[in-house]
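In: This is the structure alone, sequence omitted:
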Ligand code: G3H
């Protein structure tokens with residue numbers, strides 16, 4: 001895959017700008033039709049694209065196929081939302097009798113060029129969830145897939161061209177962020193940036209971007225709060241799925257378990273048993289725990305585990321590494337001096353923290369630079385809702401694991417997890 005130079009980036013943006021004018025002049029239905037054909041092609045080619053995703057970013061075929069189908073649904077949902085959106089009029093008389101003769105008609109117009117920067121872990125879905133709302137509303141998209149994930153991103157784009165989209169309207173800009181990233185994000189033709197990736201890169205983008213709207217989906221340190229004996233079993237099941245699937249290479253993976261002291265023995269025993277049953281190996285063999293995306297990522301996660309063990313943590317299970325494969329690991333006896341307390345691993349290691357009472361559980365959950373999601377396990381829904389109101393995150397899941405979907409729901413983070421809201425209607 002070729003690497004763009006900053007000069008070539010500039011040329012692609014000028015062409016996209018010209019193409020956008022024609023695209024925005026089409027009827028809403030004409031634009032939505034192209035995207036609907038794209039959704040159809042994604043379904044048709046789901047197996048082929050899923051195989052590529054599996055090989056490129058090391059996700060199981062089943063998960064990759066789900067990702068492709070989820071993306072086709074997202075396109076269709078977004079089209080539907082857009083085509084059924086009525087615009088409002090606002091009579092000035094609502095405000096004051098002095099404005100009886102004034103009225104506003106609210107219109108939505110395209111921004112122009114939307115820069116979509118997607119991450120490696122969902123090379124199809126987290127590309128499409130940026131591209132589809134931007135295109136249907138009449139914008140051009142400058143698509144910068146992650147380097148690991150660029151082949152899948154290129155296939156996503158090829159299917160869109162096959163569906164009838166002018167290539168100039170959505171150039172796929174490939175290359176290292178260190179070479180072209182700044183040229184892209186600070187280019188005066190860019191009118192909006194939608195980014196998913198690390199907090200460091202997101203903050204760097206926000207410094208360069210200038211006065212354009214930003215949607216940043218960055219890191220997370222999602223906590224699962226287990227606060228009720230009746231929910232221990234269900235919580236353990238959800239945590240094992242939400243904390244370890246795809247080796248936890250998801251911003252919404254459960255990355256801390258916060259449990260009341262008296263529930264700790266049951267939670268620790270349940271987790272040790274269930275995590276020990278997880279399949280470890282190759283994505284091609286449908287393993288839950290797969291090698292991390294790079295040696296650098298595995299070094300980082302191993303470093304977090306070693307740091308904790310050296311400072312007195314104990315591994316209830318796991319702790320080892322083979323190549324880029326990190327064993328599913330649950331750590332206990334955690335202190336704030338350990339890096340794992342605050343840092344996001346993006347790998348299969350989860351610390352358990354035990355707390356005296358609900359108040360301490362809330363304080364511990366909020367003691368994080370991140371604020372993406374949180375799970376609360378409690379059989380009293382009123383109590384769970386009351387606790388949820390004190391947690392500093394974008395979304396709280398009650399009696400379920402942290403996750404983004406379904407994709408019509410608003411998805412957002414606070415603190416270092418980002419800003420701006422994604423999801424079917426909010427993205428439009
Ligand atoms: O990695 C960040 C993704 O937005 C997480 O999405 O909850 O569907 O895995 P997910």
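Out: In hand now; what should we look at? What you see is a predicted model; the values in this text were computed from it and never measured.
In: The stretch 251-400 of the chain: strands as residue ranges?
Out: Assigned by DSSP state E, counting those that start in this stretch, the stretch 251-400 of the chain shows strands spanning 254-260, 314-317, 321-322, 325-326, 329-332, 349-355, 370-371, 373-377, 395-398.
In: With respect to the ligand, which of the ones you listed lies nearest?
Out: strand 373-377 (8.3 Å; C-beta to the nearest ligand atom). Placement of C-beta: from N, CA and C, glycine included.
In: Residues contacting that closest one, please?
Out: Under the contact criterion C-beta atoms under 8 Å, 6 or more residues apart in numbering, strand 373-377 has outside partners 220, 222-228, 231-232, 234-235, 238-239, 242, 252, 254, 365, 384, 387-388, 391, 393-403, 413.
In: Buried among those? Need that as a selection in ChimeraX.
Out: Restricted to buried positions by 16 or more other C-beta atoms under 10 Å, the ChimeraX selection for the contacts of strand 373-377 reads:
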select :220,222,223,224,225,226,227,228,231,232,235,238,239,242,252,254,365,384,387,388,391,393,394,395,396,397,399,400,401,402,403,413
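In: Deepest in the core, which of the strands of the stretch 251-400 of the chain is it.
Out: Mean neighbour counts were compared across the strands of the stretch 251-400 of the chain using mean count of other C-beta atoms under 10 Å; the top stretch is strand 373-377, at a mean of 29.
In: Show me which residues of this structure sit near the ligand.
Out: 121-122, 217, 250-252, 403-405 (C-beta under 6 Å from any ligand atom).
In: Would you mind giving the strands of the stretch 251-400 of the chain as JSON lines with mean pLDDT added?
Out: Converted to JSON lines, the strands of the stretch 251-400 of the chain look like this (pLDDT from 0 to 100):
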{"stretch": "strand 254-260", "mean pLDDT": "98"}
{"stretch": "strand 314-317", "mean pLDDT": "98"}
{"stretch": "strand 321-322", "mean pLDDT": "97"}
{"stretch": "strand 325-326", "mean pLDDT": "98"}
{"stretch": "strand 329-332", "mean pLDDT": "98"}
{"stretch": "strand 349-355", "mean pLDDT": "98"}
{"stretch": "strand 370-371", "mean pLDDT": "98"}
{"stretch": "strand 373-377", "mean pLDDT": "98"}
{"stretch": "strand 395-398", "mean pLDDT": "98"}
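In: Among those, which comes closest to residue 151?
Out: Nearest to residue 151 among these is strand 325-326 (22.5 Å), distances taken as C-beta to C-beta.
In: What helices and strands are in contact with that closest one?
Out: If you count contacts as 3 or more C-beta pairs under 8 Å, 6 or more residues apart in numbering; DSSP states H and E, strand 325-326 packs onto helix 295-310.
In: Filter the residues of the chain next to the ligand down to the buried ones.
Out: Applying 16+ other C-beta under 10 Å to the residues of the chain next to the ligand, the neighbour count classes 121-122, 217, 250-252, 403-404 as buried.
In: For this structure, spot the helix or strand the model is least confident about on average.
Out: Confidence across the helices and strands of the chain bottoms out at helix 424-427, with a mean of 86, counting by mean pLDDT, DSSP states H and E.
In: What are the buried residues along that one?
Out: Applying 16+ other C-beta under 10 Å to helix 424-427 flags 424, 426-427 as buried.
In: Stretch 261-278 too?
Out: Buried, per 16+ other C-beta under 10 Å, within stretch 261-278: 263-264, 266-268, 270-272, 274-275, 278.
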